[in-house]
Every structure is written in C-alpha cells, then in structure tokens.
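[1] Here is my input; please provide its structure:
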Amino acid sequence: MSHIVITGANGFLGKILLNKLLKRPDVTKITLTDQQFKHPKMHAKLVYKTGDITQTSFIAELCHDQIDVFYHLASMPGAAAEQQPHLAQKINYQSVQLILNQLELQKSPPKFIFASSIAVYGHDKQKIISECDYPNPRSLYATHKAMVELMIADASRRKIVEGYSLRVPGLVARPEKSSGFASSFMSEIFWALKNDEKIILPVSQQATAWWLSADCAAENFIFVAFNTMDCINHQRTIQLPVLYLSIQELIDGISDFFEQDKSALISYQVDPFIQENFGSYPPLMSTYSESKGFFNDQNIKALIQRVYQ
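    Model prediction:
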C-alpha cells in the first residue's frame, strides 16, 4: 500500500490515526487535508493540502494521484450543523459526492473509510440497541451521516470504491479544555480526576454511555484498511464495538488506576437534555462487527490506560 488520504486530519482522531500510520513501512505517502494545520508534523511521507472540501477544484487536486485508502473524517459537528444547516449540508453530505465523483476516475477502486456516528440510531427508548437496527436519526448531523452511509453503499455496489462506514461513539479522551461537544463531560472527567480537580457532571452517577478510546478507534480504522473484509454486509456499515459503563463504574476504575479514591472530586448537576441524550444509553450489540475482527478496549482498565498513555 502506498498512498493514503485523510480529510479532517488536524482533528482529534486524525492526529492519532496519522501517528499510527507513520509507523507502518508499507505506507509511503500520506496526504493530509484540513482547513488549517497549526503545528504540522514534519515527515518525508507527508503532504499537506489546506483547502475547502466543498469545492470541486480542491477535491480534484486532492484526488489527482492514485489513492489506495481514503479516510474521510471531516465533518461539521451536531450543534454547529443545526445553527448553519446549509453549510452543514455542503460539508457533511455534498462534499462526499464530490469526492466519490473524483474517486470514480481512479485506475482502481480505493478503499473509502468513512467516520460515521452512533447518532444514526436516534434516541428511542429501547432496552437494547443492535448494529442491525434501522437508522433513526434525530438531528441534521445524524441525518447527514445516515445519508452518506447510503451513498457509500451504492458507490461500493457500483465498484467506484470499496467503502466502509464505521459508526463511532464519542471518543475519549479529547484534549483538556476541549469544548463545543455536549458529550465533552465524557472526556473532561478523565483529566479532572487525573489532575485532582473538582468537576461538576451534567449527568447522574447512574448515567450509562458507550465508551471507546480514540487510540482503539484509530486501530480499528487501520484494521479495515489493511485487511480483507470478506462477505461484508450490503450496507457496508460497521459498528465499532464499545464498552457499556456507568459514570460510577468509570470513577471507580480511575480511582483504582491511581490507587486513590477520586469520588470526592465529583459533584452532580443533572442537565435533563444531556442526561437523556448522552447518559441514558442501553447496551449496544455489535456481534456482526466483532465477527469481522473489529474490537473495543476489552475492559475498563485497558480503556483508562489507553487514555492516559
């Protein structure tokens, strides 16, 4: 394998994915694109392209050379998408069609790996959610993710790409002082307890969520790129396996990691919206994806170790 392209390469997952790809001798060129790169990593394998993925001319430039794997991580997140719906449509949906149009011109179909989201499942009160459940998006962001999944499935049927939509939960732990995400408390709790700082959580002790480290997510994105996926479903969707944990279980796990009870640092001021949308998850079944070799952090101890490594 020689040439990999990553959109949204300056983002949280993109940076971790890049560091792992650079360690692989079978990767000879990585083209990175985003709106800007504040502290670009210098490496002989890297090519940086700043630009607007909603512009046909820029996408044509990005896809000029033969591509083996195209990682599409760029998107406008939920709250911003609701505030700027027309721009969100261009970034989250129409840009993918532009990319697929250009990839159709490649000599051979590249792998196209899309960062989809658990948001496609919606917020129905179910006792359990399965990766086989029909998408039921309840936000513009989630609707765009579901639409792109269909586009990728059809492009795969037409042999334009070998597409995979990997459904990703809120990854932990985003850098300290990150903001703009309703689920940011899932990351903030790691840093507050590590630094012995008090934190007020917008969910209860009993709140349940799906947990996956960004490091483990990146390894799954690499796994699908470098392995043959036999008999993949026609939807071309993969639910990344997660750990199902309560807030209290996480606090206990972090306390065990530091060999110090951290519970006194936590107080609770429940936000009904956040509790309902990010703290009331039922178990998530991903038997199919696990049968294809995809994996989670295995246990809470390993999850915490990956976050703090």
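
[2] Please save the CA atoms from the lowest-mean-pLDDT helix or strand in the chain in CSV.
    Sorting the helices and strands of the chain by mean pLDDT, DSSP states H and E puts helix 78-83 at the bottom, at a mean of 87. Extracted C-alpha coordinates of helix 78-83, given in CSV (Å, rounded to 0.1, in the frame of the first residue of the first chain):
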residue,chain,number,x,y,z
GLY,A,78,-24.0,18.5,15.7
ALA,A,79,-24.7,21.9,17.3
ALA,A,80,-22.9,23.8,14.6
ALA,A,81,-24.8,21.9,11.9
GLU,A,82,-28.2,22.8,13.4
GLN,A,83,-27.1,26.5,13.5
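
[3] List the buried residues of the helix or strand that it is followed by.
    Remark: after helix 78-83, the chain's next helix or strand is helix 85-89, criterion DSSP states H and E. By neighbour count with 16 or more other CB atoms under 10 Å, helix 85-89 contains the buried residues 88, 89. The C-beta positions use only the backbone N, C-alpha and C, and glycine is treated the same way.

[4] what's the offset of the next helix or strand after helix 85-89 from the middle of its chain?
    Tracing the chain past helix 85-89, the next element assigned as helix or strand by DSSP H and E is helix 95-103. The gap between the average C-alpha position of helix 95-103 and the chain average comes to 20 Å, counting by CA atoms, centre = their mean, to the nearest Å.

[5] Can you name the next helix or strand after helix 95-103?
    Read in the C-terminal direction, the helix or strand following helix 95-103 is strand 111-117, with elements assigned using DSSP H and E.

[6] strand partners of that following strand, parallel vs antiparallel please.
    Partner strands and pairing direction for strand 111-117 (DSSP bridges) are strand 69-72 (parallel), strand 162-168 (parallel).

[7] Could you dump those into JSON lines with mean neighbour count added?
    JSON lines is the format used below for those (neighbours: other CB atoms under 10 Å):
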{"stretch": "strand 69-72", "mean neighbour count": "25"}
{"stretch": "strand 162-168", "mean neighbour count": "24"}
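
[8] Just send these back as a markdown table, with distance to residue 82 too.
    Shown next, in a markdown table, are the strands paired with strand 111-117 (distance: least, CB to CB, whole Å):
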| stretch | distance to residue 82 |
| --- | --- |
| strand 69-72 | 21 |
| strand 162-168 | 20 |
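
[9] quick one, which of those is nearest to residue 245?
    For the strands paired with strand 111-117, the distance to residue 245 is smallest for strand 162-168, at 16.8 Å, taking CB to CB.

[10] Give the rounded mean pLDDT of the closest one.
    Across strand 162-168, pLDDT averages out at 98.

[11] Show me what secondary structure element comes after that strand.
    Sequence-wise, the next helix or strand downstream of strand 162-168 (DSSP H and E) is strand 171-172.

[12] Give me the contacts around that following strand.
    Under the criterion CB atoms under 8 Å, 6 or more residues apart in numbering, residues 12, 13, 186, 187, 190, 211, 212, 213, 214, 217, 303, 307 lie in contact with strand 171-172.

[13] Might one say that the first one is in contact with residue 174?
    Yep, that's residue 12 we're talking about. Yes - in this structure, residue 12 sits in contact with residue 174. The criterion is CB atoms under 8 Å, and the distance is 5.5 Å.

[14] anything in contact with each of those two?
    Contact criterion CB under 8 Å, 6+ apart; residues bridging residue 12 and residue 174 by contacting each: residue 214.

[15] if you count what's nearby, which of these two comes out ahead?
    With other CB atoms under 10 Å as the criterion, residue 12 and residue 174 differ in neighbour count, and residue 174 comes out ahead with 22 against 19.

[16] What ranges in the stretch 1-150 of the chain fall below the confidence cut-off?
    Residues of the stretch 1-150 of the chain that meet the criterion pLDDT under 70 lie in 1.

[17] hmm, try it at 50
    The stretch 1-150 of the chain contains no residues with pLDDT under 50.

[18] re earlier: closest to residue 255 out of the contacts of strand 171-172?
    Relative to residue 255, and with distances defined as CB to CB, the nearest of the contacts of strand 171-172 is residue 190, at 12.3 Å.

[19] hang on, the earlier thing: and of the strands paired with strand 111-117, who's closest to residue 90?
    Across these, residue 90 has its closest neighbour in strand 69-72 (14.4 Å, CB to CB).

[20] before we move on, back to that, for residue 269, find the nearest of the strands paired with strand 111-117.
    If you check each of the strands paired with strand 111-117 against residue 269 by CB to CB, strand 162-168 wins as the nearest, at 27.8 Å.
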